[in-house]
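K.L.:
Sequence isn't available, so here's the structure alone:
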């Protein structure tokens, strides 16, 4: 039986089912990928060994500190990607589309610095390449 290549968005709102139920939903419906927009360790633990391709959103509340601080970016990658990479199938790390340039000079400058986040996490991700 082949896997259907589509994904579901997953977060941790109060009305969402527990992560293991969501994994079972993916598996029973042959859904091959999941986009996580509200990351937590319970969800990552549930994904271990599931073969589901994971698209991992960087949480907006953390984004500014990760852009500014290379050490914080590296720690985020270690805690949320590297520690699970041996048995979670990460496909992408994405920045949510709510982060848009604006006429506000503070937000515009912040958006222009998003590339720094990629630069900050690259060494940690590069160490996981085979």
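P.N.:
All right, it came through fine. In this text, all values refer to a predicted model and were calculated from it rather than measured experimentally.
K.L.:
count of neighbours near residue 55?
P.N.:
Under the neighbour criterion other Cβ atoms under 10 Å, residue 55 is assigned a count of 17. For glycine as for every other residue, the C-beta is placed from the backbone atoms N, C-alpha and C.
K.L.:
Give the closest residue to it in space, chain neighbours not counted.
P.N.:
residue 35 (4.1 Å; Cβ to Cβ, 6 or more residues apart in numbering).
K.L.:
The one you found: helix or strand, and which one exactly?
P.N.:
With secondary structure defined by DSSP states H and E, residue 35 is part of strand 31-36.
K.L.:
Could you do residue 55 as well?
P.N.:
Secondary structure assigned from DSSP H and E places residue 55 in strand 53-58.
K.L.:
quick one: buried residues of that strand?
P.N.:
Neighbour-count burial for strand 53-58, counted by 16 or more other Cβ atoms under 10 Å, picks out 53-58.
K.L.:
Report the distance from stretch 68-86 to the chain centre.
P.N.:
Relative to the chain's own centre, stretch 68-86 is displaced by 11 Å; criterion: Cα atoms, centre = their mean, to the nearest Å.
K.L.:
Beyond the strand holding residue 35, next helix or strand please.
P.N.:
With secondary structure assigned by DSSP H and E, strand 31-36 is succeeded by helix 41-47.
K.L.:
Just checking: what are the partner strands of the strand holding residue 35?
P.N.:
Strands that pair with strand 31-36, judged by DSSP bridges, come out as strand 4-10 (parallel), strand 53-58 (parallel).
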